[in-house]
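> Mind folding the following:
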Amino acid sequence: MAADLRLVKTSCVPDRQREAEQASEVAPDPHAFQDSIDFDSAMALAATDPVAFDAWRQELIEGAIQSFPEKQRQLRGLQFRIDMTCLRSPVALKRVLSVSELMWDAFIQLQQELDELVDRLQQRRTLTPSLTASR
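Sure thing, here's the model as predicted:
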């Protein structure tokens with residue numbers, strides 16, 4: 001029924017307006033989906049209809065990924081890693097802990113790379129005065 005209403009609605013909309021709506025659906029506002037999340041409603045949906053909850057969750061994830069066209073490949077790769085991590089455990093708490101571990105591993109790697117960059121910059125600064133003094 002909803003698809004039928006959508007079809008009727010779109011057939012009445014002028015072409016330029018329809019194209020603008022379709023473009024906005026392809027690239028939604030990166031932060032628009034955050035305002036639509038109600039934790040209590042999500043919990044109730046997960047408890048009463050896990051299939052519908054999962055479909056809703058997938059829509060949110062897809063919307064977030066599409067919000068960043070230049071990063072879609074990386075985001076899809078990250079989501080794949082998260083999905084595969086979650087598939088390994090049937091226990092919800094274990095899934096949460098495993099995804100948290102993924103996050104911390106990435107954070108630690110980023111911190112190490114930042115430390116290396118700072119070390120290189122400090123080495124350059126200590127080498128630069130000696131190079132200019134020798135001229």
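> Give me the helices and strands touching the helix or strand where residue 101 lies, please.
If you go by DSSP states H and E, residue 101 is part of helix 92-133. If contacts are counted by 3 or more Cβ pairs under 8 Å, 6 or more residues apart in numbering; DSSP states H and E, helix 92-133 sits against helix 72-87. The way it works is simple: take the backbone N, C-alpha and C, and place the C-beta from them, glycine included.
> Run through who's touching the helix it packs on.
61, 64-66, 68, 95, 98-99, 102 (Cβ atoms under 8 Å, 6 or more residues apart in numbering).
> what does the average pLDDT come to for that helix?
Taken as a whole, helix 72-87 has an average pLDDT of 94.
> Dump it to PDB, keeping only the CA atoms.
What follows is helix 72-87 as a C-alpha-only set of coordinates in PDB (Å, rounded to 0.1, in the frame of the first residue of the first chain):
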ATOM      1  CA  GLN A  72      31.900   5.000   1.000                       C
ATOM      2  CA  ARG A  73      34.500   2.300   0.200                       C
ATOM      3  CA  GLN A  74      36.200   2.600   3.600                       C
ATOM      4  CA  LEU A  75      32.900   2.800   5.400                       C
ATOM      5  CA  ARG A  76      31.600  -0.300   3.700                       C
ATOM      6  CA  GLY A  77      34.800  -2.200   4.500                       C
ATOM      7  CA  LEU A  78      34.500  -1.100   8.100                       C
ATOM      8  CA  GLN A  79      30.800  -2.200   8.200                       C
ATOM      9  CA  PHE A  80      31.800  -5.500   6.700                       C
ATOM     10  CA  ARG A  81      34.300  -6.000   9.500                       C
ATOM     11  CA  ILE A  82      31.700  -5.100  12.100                       C
ATOM     12  CA  ASP A  83      29.200  -7.500  10.600                       C
ATOM     13  CA  MET A  84      31.600 -10.400  10.400                       C
ATOM     14  CA  THR A  85      32.700  -9.800  14.000                       C
ATOM     15  CA  CYS A  86      29.100  -9.900  15.100                       C
ATOM     16  CA  LEU A  87      28.400 -13.100  13.200                       C
END
